[in-house]
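how would this look folded up:
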Amino acid sequence: MLRCLNCGLRVQRIQRHVVTTLPQELLIILSIWLRIDNLPMEDLLCHGCYVLIQNADVNTPRTLGHTNVCAGCGCSLKETRLHFLEENGPLYEYFPWIRSIQNGRDSYAVCHNCWRRASRQAAQDSQYEMAIPQLPSEPAPAPAYLPDQRSIESAPIYFPRYKRAASTSQHCIYTDCGPSFGAPLTSPVKKRKPTTLSVGEQEIIINVYKYVKNTWPEDVYPSNIKMVEKVSEISGVSKSTIYRVLNVYRDSHKIPEKGIINIHTSSEDTSDDCTE
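You can find the predicted model right below:
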């Protein structure tokens with residue numbers, strides 16, 4: 001639809017002027033009136049607006065060549081039935097020209113034909129929205145049940161011929177030492193400076209180290225077993241003061257390969273076994 005860029009009048013059958021034919025000084029005035037920097041050069045001006053802009057300067061306020069213009073089709077409303085539109089009313093969205101920045105009006109009216117067309121379209125849209133069923137939102141799926149892994153404990157396996165160390169990586173190997181954080185008993189003499197130990201203390205460490213290595217098989221020997229730093233705090237050493245080894249294995253323990261073969265052949269006495 002061909003409409004005047006300034007007043008919005010339909011210009012298909014009346015005298016009109018292409019914006020690109022205007023002199024530079026008139027383009028500046030029109031740009032100030034419309035409050036846009038880049039004018040759409042392919043648009044048109046009606047003859048009334050063209051005369052007004054020729055007689056204006058940069059300080060002249062914006063004037064419209066036609067004020068009674070239909071916001072829908074752009075026809076003149078001087079001699080036709082018209083309807084005024086409520087500001088931001090329900091029919092505003094059906095007349096996109098109202099939203100344009102170059103309309104320059106405080107109130108708007110439409111011809112009777114445009115008003116009927118917009119009212120009919122609004123009624124159809126309202127019925128369409130009412131016909132759409134409001135589907136209830138789907139409930140969120142219930143979270144899958146996951147059993148508490150901490151409460152699941154595997155059945156223990158008993159190997160009478162194989163022993164393991166108690167899970168006491170935070171403790172010393174001596175029963176009377178308590179929860180003391182000691183040094184790993186992997187290389188006892190190298191872990192301590194020889195000058196800080198007496199001959200008797202070094203002999204105690206070596207004897208304990210040999211006893212632990214001989215008691216626990218190499219494949220289940222705990223590399224993180226610990227012993228107190230100050231051997232002088234321990235009065236003597238004996239086999240009864242060292243943590244007892246166990247015959248019970250669980251999933252978290254390293255099971256000896258030979259023990260799997262003998263799993264069904266346990267016939268030895270288990271009275272000396274202890275629990276953790």
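
quick one, phi/psi of Cys4?
Main-chain torsions, Cys4, degrees, to the nearest 10: phi -70, psi 130.

what's around it, how many residues?
26 (other Cβ atoms under 10 Å). In this view, the C-beta of every residue, glycine as well, is placed from N, C-alpha and C.

is it true that it touches Leu44?
Yes. With contact defined as Cβ atoms under 8 Å, Cys4 counts as touching Leu44 (6.3 Å).

Return every residue with contacts to both of the two.
Val11, Arg16 (Cβ atoms under 8 Å, 6 or more residues apart in numbering).

Check Cys70 and give its pLDDT.
With respect to pLDDT, Cys70 scores 91.

Quick check: closest non-adjacent residue to it.
Cys111 (4.5 Å; Cβ to Cβ, 6 or more residues apart in numbering).

Relative to Cys49, how far out is that neighbour?
Taken as Cβ to Cβ, to the nearest Å, the spacing of Cys111 relative to Cys49 amounts to 21 Å.

neighbour count winner among the two?
Each of Cys111 and Cys49 has its neighbours counted (other Cβ under 10 Å); Cys49 has more, 26 against 21.

Quick check, the more buried one in contact with Asn6.
Yes. Under the criterion of Cβ under 8 Å, Cys49 makes contact with Asn6 at 4.1 Å.

Pull up the overlap in contacts between these two.
Leu64, Gly65.

and this protein, what are its domains?
Per the record, the chain has its domains at 1-65, 68-129, 155-261, by automatic domain parsing.

Leu91: how many residues sit nearby?
20.

quick one: it from Leu26, how far?
For Leu91 relative to Leu26 (Cβ to Cβ), the value is 35 Å.

Now do the residue nearest to Thr20 when sequence neighbours are not counted, the pLDDT please.
Spatial nearest neighbour of Thr20, chain neighbours left out: Met41 (4.6 Å); criterion: Cβ to Cβ, 6+ apart. We have a pLDDT of 77 for Met41.

just the one 3 residues further on next, same as before
Looking at Leu44, its pLDDT stands at 91.

got a list of what it touches?
Leu2, Arg3, Cys4, Leu5, Val11, Arg16, His17, Val18, Val19.

Could you list which of these belong to strands?
Arg16, His17, Val18 (DSSP state E).

burial count for the first one?
This points to Arg16. With other Cβ under 10 Å as criterion, Arg16 counts 18.

Now do the contacts for it.
Leu2, Cys4, Leu44, Leu45, Cys46, His47.

how many other residues sit next to the nearest residue to the last one once chain neighbours are set aside?
Same thing as His47. Using Cβ to Cβ, 6+ apart and skipping residues adjacent in sequence, the residue nearest His47 is Gln15, 4.2 Å away. Neighbours of Gln15 under the rule other Cβ under 10 Å: 10.

For Gln15, what are phi and psi?
Dihedral angles (degrees, to the nearest 10) for Gln15: phi -70, psi 140.

Let me know the distance separating it from Gly65.
11 Å.

what touches both of these two?
Counting by Cβ under 8 Å, 6+ apart, the common neighbours of Gln15 and Gly65 are Cys46, His47.

Next up, the contacts around Leu5.
By Cβ under 8 Å, 6+ apart, the neighbours of Leu5 are Val19, Leu30, Leu34, Leu39, Pro40, Asp43, Leu44, Leu45, Cys49, Gln102.

Can you report phi and psi for it?
Note on Leu5: its backbone torsions stand at phi -70, psi -20 [degrees, to the nearest 10].

for Ala109, same thing?
phi -140, psi 160.

Give me the pLDDT for it.
89.

now, which of the contacts of Arg16 lie within helices?
Among the contacts of Arg16, DSSP state H puts His47 in helices.

so can I have JSON lines of the contacts of Arg16 showing distance to Pro139?
Listed next are the contacts of Arg16 as JSON lines, based on distance: Cβ to Cβ, whole Å:
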{"residue": "Leu2", "distance to Pro139": "56"}
{"residue": "Cys4", "distance to Pro139": "58"}
{"residue": "Leu44", "distance to Pro139": "59"}
{"residue": "Leu45", "distance to Pro139": "61"}
{"residue": "Cys46", "distance to Pro139": "61"}
{"residue": "His47", "distance to Pro139": "67"}
